[in-house]
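Novice: Got a predicted structure plus its sequence, pasted below:
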Amino acid sequence: MSVDLTEADCAIVEMLADGRCTVGYLAAELTYSRQHIHNRLNVLLAAEYVQKRHEGTGLYELVRDPRKES
């Protein structure tokens, strides 16, 4: 599944490229609400760009960088 990346997606992917992050951390560091981050992560999950590593804390990691795909 291909996704047209939003500005928020690019910001999320950029942070995840540096390492694993929680929704709360992403929201604190970026200018988006926790809900918006959560929604965009669900889109990125469905496209298999990110993976949830820990259910309890909502820890995510980048598994495939969509910025490197054409």
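Specialist: That came through fine.

Novice: residues contacting the closest residue to P66 other than its chain neighbours?
Specialist: Spatially, and ignoring its direct neighbours in sequence, P66 is nearest to Y49 (5.0 Å; CB to CB, 6 or more residues apart in numbering). C-betas here are computed from N, CA, C, even on glycine. Contacts for Y49 (CB atoms under 8 Å, 6 or more residues apart in numbering) come out as V3, V13, L62, V63, R64, D65, P66.

Novice: Am I right that the fourth one is in contact with R53?
Specialist: No. Proximity of V63 to R53 does not meet the contact threshold set by CB atoms under 8 Å, at 9.8 Å.

Novice: right, and P66 touches A47 too?
Specialist: Yes. Contact criterion CB under 8 Å: P66 and A47 qualify, at 7.0 Å.

Novice: and V3, how many neighbours?
Specialist: By the measure other CB atoms under 10 Å, the count of residues near V3 is 15.

Novice: send the alpha carbons of the top helix by length along the chain over as PDB?
Specialist: Assignment by DSSP state H gives helix 34-46 as the longest helix of the chain. The C-alpha coordinates for helix 34-46 follow below in PDB (Å, rounded to 0.1, in the frame of the first residue of the first chain):
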ATOM      1  CA  ARG A  34      -1.600  13.100  20.300                       C
ATOM      2  CA  GLN A  35      -4.700  12.200  18.400                       C
ATOM      3  CA  HIS A  36      -3.400  13.400  15.000                       C
ATOM      4  CA  ILE A  37      -0.100  11.500  15.600                       C
ATOM      5  CA  HIS A  38      -2.000   8.400  16.600                       C
ATOM      6  CA  ASN A  39      -4.100   8.700  13.400                       C
ATOM      7  CA  ARG A  40      -1.200   9.200  11.100                       C
ATOM      8  CA  LEU A  41       0.700   6.300  12.800                       C
ATOM      9  CA  ASN A  42      -2.200   4.000  12.000                       C
ATOM     10  CA  VAL A  43      -1.900   5.000   8.300                       C
ATOM     11  CA  LEU A  44       1.800   4.400   8.400                       C
ATOM     12  CA  LEU A  45       1.200   1.000  10.200                       C
ATOM     13  CA  ALA A  46      -1.300   0.000   7.500                       C
END
